[in-house]
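Asks: this is a predicted model, with the sequence first.
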Amino acid sequence: MYMPKFNKWLNMLLNGYDEMLTEKNPCNNKEYYQFMVAWIKKYKFLMKKELEVYDDIEFLLNLDVDKYVLEETEYFSLNDAKNRLFSGQFKKASHVISLSRSVLYDLITIYSDIDCPCCKDNYLRYLVRTNDKNEALVLCCPMCSWNQDLAGNQFVPQDGDHYFPATKEQVAAMSGRDVRISLSGTVKGR
């Protein structure tokens, strides 16, 4: 595997990943999610500043894997994820954290079968929007940040809103659809 030689903190972080991967060798999405969380928590001291950039990182590190992690999705390849960190493109810990956060989201994100009306490049993903008053299921584009309610009405996020990935149960309960998650991670409903 390629290891950059110029950054001792990054080398320590990636060496730790490699050592833990050899010990645990996760073989499914749930195990890999747990592995990534354990790795980030173990080496948090090397990434403290970088982790502070993301206000959702604590949610990702502490969620219930049985509720959130998808069994299979074509948006995620376990073998690719294991190799991407050593591709040579990562020169800073912030790059590693950004990729790690993306991998964690890939493992828990449920996508609708609705194309983004703005960028037309992605399926909209299901998120739960919470604020002091209520909770609602919404659709958001991960690429261009388009947001809409389930009826298709665009909305602008308001101060005090918080967004979290929806579980399969939340999608079913809040949308009124019988939900099956396809291999692509998209919802098929009746």
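Replies: That came in fine, so what should we check first? Residues are numbered from 1 along each chain as shown.

Asks: how about stretch 129-145: buried residues?
Replies: For stretch 129-145, burial by neighbour count (16 or more other C-beta atoms under 10 Å) applies to 129, 137-142. C-beta: built from backbone N, CA, C; applies to glycine.

Asks: do the same with stretch 111-125
Replies: So stretch 111-125, judged by 16+ other C-beta under 10 Å, has buried residues 111-112, 114, 116, 118, 122-125.

Asks: need the residues you listed in TSV (columns: distance to Leu63 and secondary structure).
Replies: Formatted as TSV, those follow (distance: C-beta to C-beta, whole Å; DSSP: H, G, I helix; E, B strand; the rest coil):
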residue	distance to Leu63	secondary structure
Tyr111	18	strand
Ser112	20	strand
Ile114	24	strand
Cys116	25	coil
Cys118	28	coil
Asn122	23	coil
Tyr123	22	strand
Leu124	21	strand
Arg125	16	strand
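
Asks: just the closest of the residues you listed to Tyr68, please.
Replies: Using C-beta to C-beta, Arg125 comes nearest to Tyr68 of the buried residues of stretch 111-125, at 12.9 Å.

Asks: and that closest one, what is it in contact with?
Replies: Taking C-beta atoms under 8 Å, 6 or more residues apart in numbering, we find Arg125 in contact with 109-112, 139-142, 165.

Asks: one more time with 7 Å, if that's ok
Replies: Contact partners of Arg125, counting by C-beta atoms under 7 Å, 6 or more residues apart in numbering, are 109-111, 140, 142.

Asks: including pLDDT and secondary structure, could these go into a markdown table?
Replies: Listed next are these as a markdown table, based on pLDDT from 0 to 100; DSSP: H, G, I helix; E, B strand; the rest coil:
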| residue | pLDDT | secondary structure |
| --- | --- | --- |
| Thr109 | 88 | coil |
| Ile110 | 90 | coil |
| Tyr111 | 89 | strand |
| Cys140 | 93 | strand |
| Pro142 | 85 | coil |
